[in-house]
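Please work out how this folds:
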Amino acid sequence: MWGIIPAAGNGTRIQPLAFSKELLPVGGRLSGDGRARPKAVSEYLVDRMALAGATKVCFVISPSKGDILKYYGGHCDVAEIAFVVQPTALGLCDAIFRAHAVIPHDEPVLVGLPDTIWFPEDALRALPDDRLSFLLFPVETPEVFDAVVTDEAGRVLAIDVKSPEVRSNWIWGAFKMPGHVYHELRAFWQARPEPDEYIGTLVNAWLAQGGEAVGVRAGTLYADVGTLEGYRMAMELLGPGMAQVAR
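Residues are numbered from 1 along each chain as shown. Just a heads-up that it's a prediction; the model follows:
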């Protein structure tokens, strides 16, 4: 199974930083020699993808983010790492579909955001292999995220993209699909009159023409570390004893 991590964004919400926001230290971990060291925020997503069965992870980076390549090229021990370049920041859809050359049609693919930390750690295991599915989390401010509207059976009816008239407090934090659906969705995106920037608007159009997706409410806690408030929340979640409680 592959994981795709779009990491080409400029991180304007948490600047100024002297490095890529995906390497922002949050919490810590033990290295191979038993020493404690800081843990980059994006490592939490890599670990969660590996827990769900991903053995290969593709980072989509911009030309200016060589520090991510250097960081993961040197020590990642839970998955094989590949890198694809997004030459210009053209949105999340463009970043995700830049990985198309390495994604086979016959393997599932996971997609997550590298500046988020969420629990439980193994929540991605709840997503099925055979359809487009979104891992959902309850939040207090769904209007600043992409809120997912589902029916009682979990079928996705619509995604409210950063809408003040949000109809659900459940947002997507990651998603999964078969490889062939990934390629079908990419072809659909390319054929659109104006290629979508956001996954939510693309999926809404996909649903309108007969596509299907499900939302799985397996998430419990979600922190967007791309903002100062979210960074503080993540540090609190990872404080003494909190990570074990949140699993």
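
so what's residue 221 bridging to?
residue 119 (DSSP bridges).

what sits against it?
Neighbour list for residue 221: 118-119, 137, 237, 246 [criterion: Cβ atoms under 8 Å, 6 or more residues apart in numbering]. Placement of C-beta: from N, CA and C, glycine included.

just the buried members of the residues you listed?
Among the contacts of residue 221, those that count as buried by neighbour count (16 or more other Cβ atoms under 10 Å) are 118-119, 137, 237.

To what extent is residue 195 buried, counted in neighbours?
Number of residues near residue 195 (other Cβ atoms under 10 Å) recorded here: 14.

Show the pLDDT at residue 233.
If you check residue 233, the pLDDT there is 80.

quick one: buried residues of the one helix or strand it maps to?
Secondary structure from DSSP states H and E places residue 233 in helix 228-237. Within helix 228-237, the residues scored as buried using 16+ other Cβ under 10 Å are 230-231, 233-235, 237.

can you redo the residues you listed as TSV with distance to residue 84?
Shown next, in TSV, are those (distance: Cβ to Cβ, whole Å):
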residue	distance to residue 84
230	26
231	27
233	30
234	27
235	31
237	30
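
Of those residues, which is the nearest to residue 158?
Nearest to residue 158 among those, counting by Cβ to Cβ, is residue 230 at 25.0 Å.

what sits against the closest one?
So, once contact is read as Cβ under 8 Å, 6+ apart, residue 230 ends up touching 116, 223-224.

Also residue 2?
Residue 2 sits next to 54, 56-58, 99, 102-104, 107-110, 179 when contact means Cβ under 8 Å, 6+ apart.
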